[in-house]
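Structure for the following, please:
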Amino acid sequence: MSRKVLLHAGVWLIFLSLLTVEIYWNAERFPMFAASALVLNMLLFYLNYSVLVPRFLLRKKTKTYILSIVLALAITLCFREFVIVGQPPEGMRKPLRPLGPEPPFFNILKFLFPFFISLSFVVIGTAVKVYEEWNRSLVEEKEIEAFKTRTELHYLKNQLSPHFLFNSLNSIYSLINAKSEEASEAVIMLSELMRYMLYQADSEFVALADELAYTQNYVRLQRLRIANNENVTLNIHGAVTHQKIRPLLLISFIENAFKYGTDYKGNTEVRIVITVKDQTLEFECRNLIGARKRDQHNSGIGLKNTTDRLELLYAEKHHLKVYEEDSKFVVHLKLNLD
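This is a model prediction of the structure:
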């Protein structure tokens with residue numbers, strides 16, 4: 001059963017309870033006419049709920065809304081007192097409870113109570129409609145935000161794929177140019193990496209084990225093109241079991257390290273440590289601050305994309321620190337995978 005149906009059912013339960021009290025207080029008036037008063041209040045409720053609130057209050061025509069409500073209340077009370085319950089037919093005046101002496105204030109309350117009942121119909125109708133509109137606006141806002149996030153992520157992933165391919169082809173070109181026998185192995189590795197990107201990385205989540213295997217293959221591909229690769233390391237610690245992660249989240253940091261991690265002597269140093277503990281992942285990548293200068297227009301695309309994706313996907317679940325230390329460029333990421 002929808003929330004809206006339950007809300008209306010609760011409202012009518014309250015109204016029927018109020019009607020029971022009014023019938024008891026107005027015992028000299030017969031039940032059928034008291035029930036007719038309920039019908040009037042039902043009409044008042046839905047007039048306010050369906051017409052007055054949407055047409056005036058929600059459009060910020062507050063004065064017109066108040067005047068309309070006052071007029072509707074006046075008409076309802078007058079019609080109720082002078083038309084419906086004012087002149088019951090002969091033979092239908094049987095009291096609903098024994099009548100006797102009543103305190104002075106009882107007659108005053110008996111006069112005011114119908115007004116408060118009608119007013120409660122108005123107040124509750126207004127509250128229900130305003131709440132429904134607020135809830136609807138909230139749902140629409142969330143849907144728009146979700147659509148915006150999906151669009152941005154789609155754009156970032158589409159931008160990342162050609163960026164990755166461009167860097168990988170550069171690595172293979174270096175091997176071919178050096179006439180390395182490992183060039184064919186590099187092509188096979190690239191095909192495995194591209195298969196992952198095409199068929200798995202398009203999912204919302206991937207197994208952490210698959211993402212780390214992809215990262216290992218990429219590092220192996222890079223090691224093939226580097227002559228002195230003893231300072232290129234990847235160490236993974238901890239139990240990798242059922243954890244899930246957003247795809248292609250770490251690769252840009254690693255790409256960036258290989259791209260700029262060679263000094264003026266041709267030495268390359270890239271040291272990557274990944275530690276997994278339950279639902280927490282820590283990633284640290286250190287590379288030499290190389291001699292190659294960054295192209296301000298074309299470099300760092302993948303790095304910026306990853307930073308943007310972290311903000312979109314793990315807004316309150318990550319801590320990223322990027323800094324320089326002892327002639328090294330360091331990226332440290334702590335990620336909550338829950």
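
going forward, measure contacts and count neighbours with C-alpha atoms only.
Fine.

check contacts around Thr280.
Thr280 is in contact with Lys334, Leu335, Asn336, Leu337, counting by Cα atoms under 8 Å, 6 or more residues apart in numbering.

what's the residue nearest to it when sequence neighbours are not counted sitting at in phi/psi?
Once flanking residues are discounted, Thr280 sits nearest to Asn336: 4.8 Å by Cα to Cα, 6 or more residues apart in numbering. The phi and psi values for Asn336, taken as degrees, to the nearest 10, are phi -90, psi 120.

Could you double-check that Asn336 sits in contact with Ala315?
No: using Cα atoms under 8 Å as the test, Asn336 is too far from Ala315 to be in contact (10.4 Å).

quick one: which of these two has more around it?
Legend: neighbour count by other Cα atoms under 10 Å for Asn336 and Ala315, higher for Asn336 (15 against 11).

where's the more buried one relative to Leu249, distance?
Applying Cα to Cα, to the nearest Å, the value for Asn336 to Leu249 is 13 Å.

next one: Asp210
To Leu249, Asp210 is 12 Å away according to Cα to Cα.

So which elements touch the helix or strand hosting Leu333?
Using DSSP states H and E, Leu333 falls within strand 328-336. Contacts defined by 3 or more Cα pairs under 8 Å, 6 or more residues apart in numbering; DSSP states H and E place strand 328-336 against strand 280-288, strand 318-325.

Could you list the low-pLDDT ranges of the stretch 1-150 of the chain?
By pLDDT under 70, the low-scoring segments of the stretch 1-150 of the chain are 1-2, 18-37, 80-111, 113, 146-150.

Break the chain down into its domains, please.
For the chain, automatic domain parsing gives the domain ranges 3-141, 178-336.

okay, these, which one's buried deepest?
Neighbour counts (mean count of other Cα atoms under 10 Å) averaged over each of the domains of the chain peak at domain 178-336, with a mean of 16.

same question for that domain, mean pLDDT?
For domain 178-336, mean pLDDT is 84.

For it, what is the distance to the chain centroid?
Centroid separation between domain 178-336 and its chain, computed with Cα atoms, centre = their mean, to the nearest Å, is 29 Å.

show me what contacts His332?
Glu282, Phe283, Glu284, Cys285, Leu320, Lys321, Val322.

if you set the cut-off to 10 Å instead, what comes out?
253, 273-274, 282-286, 319-323 (Cα atoms under 10 Å, 6 or more residues apart in numbering).

Do a quick rundown of the helices in the stretch 1-150 of the chain.
Residue ranges of the helices in the stretch 1-150 of the chain, as given by DSSP state H, counting those that start in this stretch, are 3-25, 31-47, 62-79, 104-177.

do the same with the stretch 151-300 of the chain
Ranges of helices in the stretch 151-300 of the chain, per DSSP H, counting those that start in this stretch, are 183-199, 208-225, 251-260.

a markdown table for the ones you listed, including distance to Leu175?
Below are the helices of the stretch 151-300 of the chain laid out as a markdown table (distance: least, Cα to Cα, whole Å):
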| stretch | distance to Leu175 |
| --- | --- |
| helix 183-199 | 5 |
| helix 208-225 | 6 |
| helix 251-260 | 15 |
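
nearest to Leu47, of those helices?
Among the helices of the stretch 151-300 of the chain, the nearest to Leu47 by Cα to Cα is helix 183-199 (56.0 Å).

Output the contacting helices and strands for the closest one.
Contacts defined by 3 or more Cα pairs under 10 Å, 6 or more residues apart in numbering; DSSP states H and E place helix 183-199 against helix 104-177, helix 208-225.

which residues make contact with it from outside it?
So helix 183-199 is contacted by 157, 161, 164-165, 168-169, 171-177, 200-203, 210-211, 213-215, 217-218, 220-225, 247-248 (Cα under 10 Å, 6+ apart).

same thing but 8 Å
Applying Cα under 8 Å, 6+ apart, the contact partners of helix 183-199 are Ser161, Ser168, Ile172, Leu175, Ile176, Tyr214, Asn217, Tyr218, Leu221, Leu224.

Redo the residues you listed as TSV? Include distance to Val51.
Formatted as TSV, the contacts of helix 183-199 follow (distance: Cα to Cα, whole Å):
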residue	distance to Val51
Ser161	53
Ser168	64
Ile172	70
Leu175	75
Ile176	76
Tyr214	60
Asn217	65
Tyr218	64
Leu221	68
Leu224	73
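
Out of those residues, which is nearest to Lys328?
Nearest member of the contacts of helix 183-199 to Lys328, counting by Cα to Cα, is Tyr218, at 21.3 Å.

which non-adjacent residue is nearest the closest one?
Here the residue nearest Tyr218, using Cα to Cα, 6+ apart, is Leu193, at 7.3 Å.

Same question for Leu208.
Lys244 (5.0 Å).
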